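In: structure for this input, please:
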Amino acid sequence: MARLAVPKRGSGTDRIDRARSAIRPPRDNGDRDAEVLLEVGAIEPGPELDAHLDACAARIRRALDRLPDLKRYALDHAPPGWVQYYAAQPGLPLVDRLFLEGFQVSRQLLVSLDFDFGDLDLLVVRLDPAGNGEAVFLQA
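Out: This is a model prediction of the structure:
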């Protein structure tokens, strides 16, 4: 559960920025945790589930090995105007502001990476079956 800090007096923009940071602070503190959501369907515990989990872990490891390339793919294929707007914001380069929020792996072993960038939305990169970038979109 997120705690919302009551912002101090200041400009409206300052209050909004502080409220956003309280709801979803960017991970500029070195935190390396990421959420992992696995779709397993109605598989009973046993060898089939173990094999599926092993395959999910392998797909996630492969994506982690390619993380810098996938971040670049995300920026190269992001929705029109998004990169220009966020790249113009003060601070680190946009590629360095993207941090991995989590993974989603479907029953068909298709992987999506969710990147946070210090706002309320996520930049999602969907991978094809070979582990290459296939699509990029924003998710609220």
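
In: can we go C-alpha only for contacts and neighbour counts from here?
Out: OK.

In: shaky segments in this structure?
Out: Under the criterion pLDDT under 70, the flagged ranges of the chain are 1-32.

In: just the strands in it please.
Out: For the chain, applying DSSP state E gives strands covering 35-38, 99-105, 111-116, 122-127, 133-139.

In: the second one - contacts with which helices or strands?
Out: Counting by 3 or more CA pairs under 8 Å, 6 or more residues apart in numbering; DSSP states H and E, the packing neighbours recorded for strand 99-105 are strand 35-38, strand 111-116.

In: at 10 Å instead, please
Out: Packing partners of strand 99-105 (3 or more CA pairs under 10 Å, 6 or more residues apart in numbering; DSSP states H and E): strand 35-38, helix 47-65, helix 67-76, strand 111-116, strand 122-127.

In: list the buried residues of the shortest one.
Out: The one in question is strand 35-38. Across strand 35-38, burial judged by 16 or more other CA atoms under 10 Å covers 36, 38.

In: each with direction, which strands does it pair with?
Out: If you go by DSSP bridges, strand 35-38 pairs up with strand 99-105 (parallel).

In: then the fourth one?
Out: Strands that pair with strand 111-116, judged by DSSP bridges, come out as strand 99-105 (antiparallel), strand 122-127 (antiparallel).

In: restrict it to CA atoms and write it as CSV.
Out: Provided in CSV are the C-alpha atoms of strand 111-116 (Å, rounded to 0.1, in the frame of the first residue of the first chain):
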residue,chain,number,x,y,z
VAL,A,111,7.5,-11.8,-22.0
SER,A,112,6.7,-8.2,-21.4
LEU,A,113,8.9,-5.8,-19.5
ASP,A,114,7.4,-2.9,-17.5
PHE,A,115,9.6,0.2,-17.2
ASP,A,116,8.8,3.0,-14.8
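
In: please parse this structure into its domains.
Out: 1-27, 32-139 (automatic domain parsing).

In: now render the helices and strands packed on strand 99-105 as a markdown table, adding distance to residue 133.
Out: Shown next, in a markdown table, are the helices and strands packed on strand 99-105 (distance: least, CA to CA, whole Å):
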| stretch | distance to residue 133 |
| --- | --- |
| strand 35-38 | 18 |
| helix 47-65 | 10 |
| helix 67-76 | 7 |
| strand 111-116 | 9 |
| strand 122-127 | 4 |
